[in-house]
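Trainee: predicted model and sequence below, questions to follow.
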Amino acid sequence: MLQIVLFYYLKVNFNLNQANSDALRVQLNNFRNHLHMHPELSNQEFKTQEFIETSLKEIGITNINRVGTSLVACVKGSDSSRLPIAIRGDIDALPIQENTNVVFESVVPGVMHACGHDVHSTWAFGAASLLLQQPLKSDVYIIFQQAEELATGALSIINNKVLPKHLNAIFSAHVDPRYNIGEVVHHEGAISAASHHFSININGKTAHAARPKEGLNPIPVAAQVIAEVNKINKDVGNNTNFITITQINGGVQHNIIPDCVSLSGTIRCLDSLIQDQILMQLVALKGELSHAQVNVEINDGSPILHNSTLLKSIAKSAIEKTLGGSSKVDLKMPNMASEDFGYFSQIYPAWYFRIGCTKTGSPFIPVHTPEFLPHEDTILIGANLLANAVILTDQNL
Ligand SMILES: [Zn+2]
Ligand SMILES: [Zn+2]
C-alpha cells in the first residue's frame, strides 16, 4: 500500500500537471533545441531575439518591447491597480566550442550555450505560455535578457525604464549541476556574490639592469603591493569575501628594468559591509610606494544577488506546488560566481531559484565547459516553477 501511495505521489508530483506537460514538453524541447543549436554571444543575440519574439507572437503575446537585443513582453492581468510581477530569463551564450555530441549541438563554431541560458529562455517562454492559461489579476512582465555573461544586460533593461518603477516580485532561476533533477535550492538572503574587478599599475622608471640607480624598478614594488593585497584578505576577508590577484605583467627582457608593472584581479563578496572594507583598503593602496606611483582602478561587476525575505514563503510554496516538499533543498555551498539578476534584486523584491540539472548517478559536469548540457527534464520543472511563483504571488501578495 505504502509503495502504491509513494508511486502515486512521485508520479503526480514529478510529472507535474499531465494536462499541460505533453504538448508543452514537445513545444518547449523544440524551442530549447533551436536556441541551443544557434547560440549567440552577449549583445549579439539578434536571431535569438527574433526567434523568441516570433514564438511569443505565435502563442498570442503581442505586447513586446525590444531593448537592445533583449525583449520585454507583457501579459495583461484583470486588475490594473495591482503591482505587476516579472520573470526574467537570460539568453546569451559563451565563446566555447561545444563537445556534447547531441543532435541539437551548436552549429556555430566556437560558440555554445555552456551556461544553460538556452534552458533559462525556455523556462521564461514556458512560464509565459502556462500563465496565459491562468486568470491573473496582475500584469506579468516576461524578460528575455541579453548579456548576462558580461553583467551588463540587466542594467541595460533597468536603465531603459521599460519595467514599472515598482513590482510585487521578480523571479529568475539558473540550472545548477551540483544538484540533481527534481531538487531546487531554497535560500533566503545572499545567493550569488558581488563581483568587482580591479587593475593596479605601478609606475617606475626604466633603466639598464646593470645600473638600477638610474631608474626605479617597479617589480619589487609590485611584490610589496601583492603582500598588501594579501594582507587585506587576512585583515577583513574570509571564505566568502575575498580579493584575488589573477594577472601580472611587467618587463620585456632580462637586462632592462621595466617602467611599469600591472596587476589585475577580482573581488568576490557575499557581505556588503566586508565588501566595502575590502574596497576601501584597496583604494588606500593608491599613491606613492617606495618612490613608485601606484594607481588603482576598480570596476563594478554585478552586485550581491539577494533573495528577499518577503518572497521566502511564496518561493517555498512554489517549489512544493511544482515538485513536492522533498524537492526543496538547502544551498550546499556559497555561490561565489556573480549573477547580474543582482541588479534587479537591488530595486525589486526578488527571488532566484537554483534548479538541479544533473540526472541521479550521472557525472558532475560544471557550467562553462564544452561538455555541459542541462538535462531536458529540467525544462518543464523550471517553466512550472516560475509560473507557480507568479500565480502564488498574484493570489497572496
Ligand atoms: Zn555563465
Ligand atoms: Zn549563467
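Mentor: Perfect, I can see it now. Ligands and ions are numbered 1, 2, ... in the order given.

Trainee: now do the same end-to-end measure for stretch 201-214.
Mentor: Distance between the two ends of stretch 201-214: 21 Å, counting by Cα to Cα, to the nearest Å.

Trainee: in that stretch, what counts as buried?
Mentor: 201, 202, 204, 206, 207 (16 or more other Cβ atoms under 10 Å). C-beta coordinates here come from the backbone N, C-alpha and C atoms, glycine included.

Trainee: between the residues you listed, which sits nearest residue 87?
Mentor: residue 201 (42.9 Å; Cβ to Cβ).

Trainee: nearest spatial neighbour of the closest one, skipping sequence neighbours?
Mentor: Nearest non-adjacent residue to residue 201, counting by Cβ to Cβ, 6 or more residues apart in numbering: residue 295, 4.6 Å away.

Trainee: I figured the one you found hits residue 198, correct?
Mentor: No. Contact criterion Cβ atoms under 8 Å: residue 295 and residue 198 do not qualify, at 10.7 Å.

Trainee: those two - which one has more neighbours?
Mentor: More crowded of residue 295 and residue 198, by other Cβ atoms under 10 Å: residue 198, with 20 against 14.

Trainee: identify the bridge partners of that one.
Mentor: Beta bridges link residue 198 to residue 265, residue 298 when assigned by DSSP bridges.

Trainee: make residue 1 into 642 and carry on from there
Mentor: Sure, I'll start counting at 642 from here, so that last one is residue 839.

Trainee: list the contacts for it?
Mentor: Contacts for residue 839 (Cβ atoms under 8 Å, 6 or more residues apart in numbering) come out as 884, 905, 906, 907, 908, 923, 937, 938, 939, 940.

Trainee: one more pass at 7 Å, please.
Mentor: The contact partners of residue 839, by Cβ atoms under 7 Å, 6 or more residues apart in numbering, come to 905, 906, 908, 923, 937, 938, 939.

Trainee: same thing with residue 999?
Mentor: For residue 999, the contacting residues are 818, 820, 821, 822, 1005, by Cβ under 7 Å, 6+ apart.

Trainee: and which of the residues you listed is nearest residue 725?
Mentor: Nearest to residue 725, judged by Cβ to Cβ, of the contacts of residue 999 is residue 820 at 30.2 Å.

Trainee: quick check, the closest one in a helix?
Mentor: No. Read with DSSP: H, G, I helix; E, B strand; the rest coil, residue 820 is strand and lies in no helix.

Trainee: tell me, how many residues neighbour the nearest residue to it once chain neighbours are set aside?
Mentor: Leaving aside its sequence neighbours, residue 820 sits nearest to residue 997 (Cβ to Cβ, 6+ apart; 3.0 Å). Other residues within reach of residue 997, judged by other Cβ under 10 Å, total 25.

Trainee: bridging residues for the residue nearest to residue 826 when sequence neighbours are not counted?
Mentor: Closest residue to residue 826 apart from its sequence neighbours, by Cβ to Cβ, 6+ apart: residue 995 at 3.9 Å. Beta-bridge pairing for residue 995 (DSSP bridges): residue 815, residue 826.

Trainee: now the nearest residue to residue 930 once chain neighbours are set aside: phi and psi?
Mentor: With sequence-adjacent residues excluded and distances taken as Cβ to Cβ, 6+ apart, residue 930 is closest to residue 862, at 5.6 Å. Torsion angles at residue 862 (phi, psi; degrees, to the nearest 10) stand at phi -70, psi -40.

Trainee: same thing with residue 1024?
Mentor: phi -60, psi -50.

Trainee: who's in contact with the residue sitting nearest the centre point of the chain?
Mentor: Centroid-nearest residue in the chain, with Cα atoms, centre = their mean: residue 980, separated by 3.3 Å. Counting by Cβ under 7 Å, 6+ apart, residue 980 touches 815, 833, 943, 946, 993.

Trainee: report pLDDT for it.
Mentor: We have a pLDDT of 97 for residue 980.

Trainee: make a markdown table out of the buried residues of stretch 842-855 and add secondary structure and pLDDT.
Mentor: Formatted as a markdown table, the buried residues of stretch 842-855 follow (DSSP: H, G, I helix; E, B strand; the rest coil; pLDDT from 0 to 100):
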| residue | secondary structure | pLDDT |
| --- | --- | --- |
| 842 | strand | 98 |
| 843 | strand | 98 |
| 845 | coil | 98 |
| 847 | coil | 98 |
| 848 | strand | 98 |
